[in-house]
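Fold the following, please.
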Amino acid sequence: SHLGVRGGYVGVYMDNCIDQAVAIVGIQKAGCAYIPIDEELPAERTRQIIEDADVSVVFCLEKNMAELLKLQQACANLREIICMDSSGYRTEELSKQPVGAVVGPEDTAYAIYTSGTTGKPKGVAVSHGALMELCSSSDIYDIDETSRSLRYVKVGFDPSVLEVFPFWMRGAAVVNMPGELRTDLDGLSDFMREKRITHVTLPTQVCEQMQGYDNEFLKVMITGGDKLKAFRKTSPYRLLNNYGPTENTVSTTIFEVDRGYKSIPIGRPFGNTAVYIVDQYGRRQAEGVPGELWIGGGRLAEGYINNRELTDSVFFSSDLLEEKRVYRSGDIARWLPDGNLDFAGRIDNQVKISAFRIETEEVEAVMSAIGGVESTVVSAISGNDGQKALCAYYTGNPELSEAWLRDELKRTLPPFMIPKYFVHL
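Numbers count the residues shown, from 1 in each chain. Below is the predicted model:
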């Protein structure tokens, strides 16, 4: 607040820790919105986010100070870097008086950057009103003051919102974990039991593996990000299959998985949210007929930062649905006879790899800009291990090595957007 950025965006550049939580709460109480920035992102992508959102202040830890100072030289708008675990950061020097910021439901609470189609990420801005709608509708997750939520998801991805805010609102505990446990399932299981975790949110592929671990303390396992295929849990916790784009504040529909299904549904809308399955003209489809999934209600995002054209193309009013504002998700689904939804794919080239949302056009745009590459098509294929992976087909110089192409892409794209396979045509 004393830095004079009230109402603007403030960056949070650190992995899950107590300092990060303090920064997020402080930013919002000062009347600003936080933008999480994954510390593993390439410097170029971090620069794009900071410049697009006009971020003037970033909170970080001392281990990241050097790289942010270097980045500051390329970002004219970044004027203050606050190192929260540095001896130079003195909270006792700050005023103890309330900041006096008045925050309403229409004010922005946070923004999360996702893959875009133009070669640059796009920022989804979410209001306090939409965030509070999520928190007030989260009784379906069985949260109370005795709950203990594990922070598995990195703060740059929107399921992190679900891990934190509904639990804070109910006076429950939120437990940070060592980052290396994301790839150590045995260690993760032991940590969850040691900390008596009652609620965990996991990417689909991790959830499918973690179901094989017994846990007497776990009450709810939430998963989402990709199509859930396996049901093998042995402990009596609730397994909730969650569907929802970032543009509708994390969660839109939920299905409690109680047995194996040929195709596990994504469930029904909950809280102040409506879902419509429509044809190409925006008319409701009959039961069982696939169509595009549109969303209405109180959890819709404000739109995309500095991109009115894209915002207006996917957020609009619908007279046919009698909705003042809907979001067209680009997802394909159909209503089942029991009132649940079955997910059937996409109408565009967006794919999910290990629960990460990727616009293949962004990968294509970045790769096509590499010297020696003439044209590129990127698609998701089934790898040798049976898992989906990105494959880049390209024309141009046949002497370009896969290692060199990966190094060039890593300058701009995060690791999960780097193709696993390269095919020269």
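
Gly260 contacts Phe231, correct?
Yes. Using Cβ atoms under 8 Å, Gly260 is in contact with Phe231, at 4.7 Å. Using the backbone N, CA and C atoms, a C-beta is placed for each residue, glycine as well.

Report the contact partners of Thr360.
Thr360 makes contact with Asn349, Gln350, Val351, Val378, Ser379, Ala380, Leu390, according to Cβ atoms under 8 Å, 6 or more residues apart in numbering.

same thing but at 10 Å, please
In this structure, Thr360 makes contact with 115, 117, 348-351, 376-380, 390, 392, 417, 419, judged by Cβ atoms under 10 Å, 6 or more residues apart in numbering.

tell me the phi and psi of it?
With angles defined as degrees, to the nearest 10, Thr360 sits at phi -60, psi -30.

how near is it to Val124?
Separation of Thr360 from Val124 (Cβ to Cβ, to the nearest Å) stands at 19 Å.

With Asn272 instead?
Distance from Asn272 to Val124, by Cβ to Cβ: 19 Å.

who has more neighbours, the two?
Legend: neighbour count by other Cβ atoms under 10 Å for Asn272 and Val124, higher for Val124 (22 against 14).

can you pull out the strands in the stretch 301-425 of the chain?
With DSSP state E, counting those that start in this stretch as the criterion, the stretch 301-425 of the chain has strands at 303-304, 315-318, 323-335, 341-346, 350-353, 356-359, 373-382, 388-396, 421-424.

and Pro42, how many neighbours?
Applying other Cβ under 10 Å, we find 15 residues neighbouring Pro42.

With Thr201 instead?
Using other Cβ under 10 Å, Thr201 has 27 other residues around it.

cool, and Phe343?
21.

got a list of what it touches?
Contacts here follow Cβ under 10 Å, 6+ apart; on that basis Phe343 touches 226-228, 241, 243, 253, 263-267, 293, 331-334.

what two of the residues you listed are the furthest from one another?
The most widely separated members of those, counting by Cβ to Cβ, are Asp226 and Arg334 (18.2 Å).

His111 contacts Tyr304, correct?
Let me fix one detail, which is that residue 111 is Ala and not His. Yes. Look at Ala111 against Tyr304 with Cβ atoms under 10 Å: they come within range, at 9.1 Å.

Please enumerate the shared neighbours of these two.
Asp52, Lys122, Gly123, Val124, Ala125.

Just the closest of those to Asp144, please.
Checking those against Asp144 with Cβ to Cβ, the nearest one is Val124 at 29.8 Å.

Let's verify the nearest residue to Cys75 once chain neighbours are set aside: helix, strand, or coil?
The shortest distance from Cys75 to any non-neighbouring residue, by Cβ to Cβ, 6 or more residues apart in numbering, is to Ile50 (5.1 Å). Assigned with DSSP: H, G, I helix; E, B strand; the rest coil, Ile50 falls in the helix class.

Please shift the residue numbers so they start at 347 in all later answers.
Right, with 347 as the first residue, what we last looked at is Ile396.

any idea how far Pro467 is from Ile396?
Between Ile396 and Pro467 the computed distance is 11 Å (Cβ to Cβ).

Same check on Val371?
25 Å.

And the helices in the stretch 347-496 of the chain?
For the stretch 347-496 of the chain, the helices defined by DSSP state H, counting those that start in this stretch occupy 364-375, 389-398, 411-418, 474-482.

Dump those helices into TSV; add mean pLDDT as well.
As requested, those are exported to TSV (pLDDT from 0 to 100):
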stretch	mean pLDDT
helix 364-375	94
helix 389-398	94
helix 411-418	93
helix 474-482	96
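
How many residues are close by Pro636?
15.

Could you look up the SS state of the residue nearest to Pro615 when sequence neighbours are not counted?
Closest residue to Pro615 apart from its sequence neighbours, by Cβ to Cβ, 6+ apart: Val621 at 4.5 Å. Assigned by three-state DSSP, the conformation of Val621 is strand.
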